[in-house]
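1. sequence and computational prediction follow.
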Amino acid sequence: MKSSAKKISLISVDDLFSTEESRVDDHREKIVDIPLTELHPFKDHPFKVIDNDAMFDTAESIKQYGVLVPAIARPREDGGYELVSGHRRKRACELASLETMPVIIRNLDDDAATIIMVDSNLQRENILPSERAFAFKLKLEAIKRQGSRTDLTSTQVAQKLSAEKVGESAGISKDQVRRYIRLTELVPELLSMVDEKKIAFNPAVELSYLKSDEQLLLIDAMDTEQATPSLSQAQRLKKFSAEGNCTLEAMCAIMSEEKKGEPDKVTLTGDKIKKYFPKNYTPQQMEATIIKLLEGWHKKRTQDQER
């Protein structure tokens with residue numbers, strides 16, 4: 001005869017004597033002091049950690065007040081933790097001679113961790129174009145991968161599969177997001193020139209369509225002509241590249257052009273100034289005399305203004 005007794009689910013001793021409050025607390029995120037030696041940088045972290053004045057100021061602040069905002073990290077398979085946010089705070093703690101820092105430990109997959117890493121760093125001021133470019137690229141790729149899944153969240157995430165959604169959190173348009181991502185196609189030398197403001201953003205976007213070997217030739221052309229491309233020049237270089245005509249000679253010809261946007265440029269030809277100098281004066285002597293006279297004029301003008 002089959003037993004009519006129903007299966008009984010037994011409660012563990014811990015569950016029996018634990019309170020609802022303690023069970024909730026077990027699942028609540030906690031701030032833990034983690035040794036700095038156990039905190040490792042995020043893979044492909046696009047934001048630079050530099051020992052500049054701002055970093056030293058942060059280190060001094062940490063010496064006085066401690067770390068006010070905990071970092072976020074996730075467990076690593078090889079041991080220790082991977083920082084999701086807080087790379088600069090970790091470096092400041094090292095400069096402040098601390099051994100640990102407060103961290104919130106979260107179990108995050110690669111894509112969720114990438115999105116948090118990007119969003120937390122984009123709130124900073126003075127972000128370099130290269131940092132923003134690679135950050136946008138990482139976040140967009142992470143969101144696309146999330147949207148390709150078939151789990152319960154795929155419907156919600158699918159609605160955000162666009163550069164427009166990436167741009168919303170950064171306060172820029174989807175087109176501007178795509179333009180920033182184009183910068184990741186630049187060779188490192190040109191991208192550094194964008195960060196250093198030697199090449200403007202809009203021309204840099206156009207130059208990103210050049211092949212890598214053409215970009216390297218462009219660096220030679222810029223060095224030869226001692227000039228950087230304007231937007232119109234960069235657009236012509238892009239067209240030449242598409243047509244297969246982007247040679248070093250063509251680049252030098254474009255870079256040697258006088259830019260229309262140089263209204264402040266002053267040109268003094270020999271014919272204009274020769275009559276003011278002895279016949280035996282060389283161009284170098286003329287230039288030195290002009291500079292000396294200008295310095296005297298500027299000094300007198302400054303003295304007159306101070307009276």
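-> The structure has been received and is ready for your questions. Numbers count the residues shown, from 1 in each chain.
2. shaky segments in the chain?
-> 1-28, 147-162, 259-272, 302-307 (pLDDT under 70).
3. can we see that at 80?
-> Applying pLDDT under 80 to the chain flags the ranges 1-29, 123-125, 146-165, 169, 258-275, 279-285, 298-307.
4. mind listing the strands for it?
-> 31-35, 39-40, 71-75, 81-85, 100-105 (DSSP state E).
5. in its sheet, what does the fourth one sit against?
-> In this case it means strand 81-85. Strand 81-85 pairs in its sheet with strand 39-40 (parallel), strand 71-75 (antiparallel), by DSSP bridges.
6. ditto for the first one
-> For strand 31-35, the paired strands and their directions (DSSP bridges) read strand 100-105 (antiparallel).
7. now do the buried residues in the strand it pairs with.
-> M101, P102, V103, I104, I105 (16 or more other C-beta atoms under 10 Å). Yep, even glycine has a C-beta here, placed from its N, CA and C like the rest.
8. do the same with stretch 189-207
-> For stretch 189-207, a neighbour-count test (16+ other C-beta under 10 Å) marks L190, L191, M193, V194, D195, I199, P203, A204, V205, E206, L207 as buried.
9. mind putting those residues in a markdown table, distance to P75 included?
-> As requested, those are exported to a markdown table (distance: C-beta to C-beta, whole Å):
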| residue | distance to P75 |
| --- | --- |
| L190 | 39 |
| L191 | 33 |
| M193 | 40 |
| V194 | 37 |
| D195 | 34 |
| I199 | 42 |
| P203 | 44 |
| A204 | 39 |
| V205 | 39 |
| E206 | 44 |
| L207 | 42 |
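10. so which of those is the closest to D110?
-> Nearest to D110 among these is L191, at 24.9 Å by C-beta to C-beta.
11. residues touching that closest one, list them.
-> L191 is in contact with P129, S130, A133, L183, A204, counting by C-beta atoms under 8 Å, 6 or more residues apart in numbering.
12. swap in 6 Å and give it another go.
-> With contact set as C-beta atoms under 6 Å, 6 or more residues apart in numbering, L191 has these partners: S130.
13. got it, and A221?
-> Neighbour list for A221: M251, C252, M255 [criterion: C-beta under 6 Å, 6+ apart].
14. look up the closest residue to it, ignoring the ones flanking it.
-> M251 (3.8 Å; C-beta to C-beta, 6 or more residues apart in numbering).
15. before we move on, back to that, just flag the most distant two among the buried residues of stretch 189-207.
-> Maximum pairwise distance in the buried residues of stretch 189-207, criterion C-beta to C-beta, is 17.3 Å, between D195 and E206.
16. got phi/psi on I172?
-> For I172, the backbone dihedrals are phi -130, psi 170 (criterion: degrees, to the nearest 10).
17. quick check: G79 vs H298, distance?
-> Note on G79: its distance to H298, by C-beta to C-beta, to the nearest Å, is 65 Å.
18. please apply the same query to Q235.
-> Distance, Q235 to H298, by C-beta to C-beta: 40 Å.
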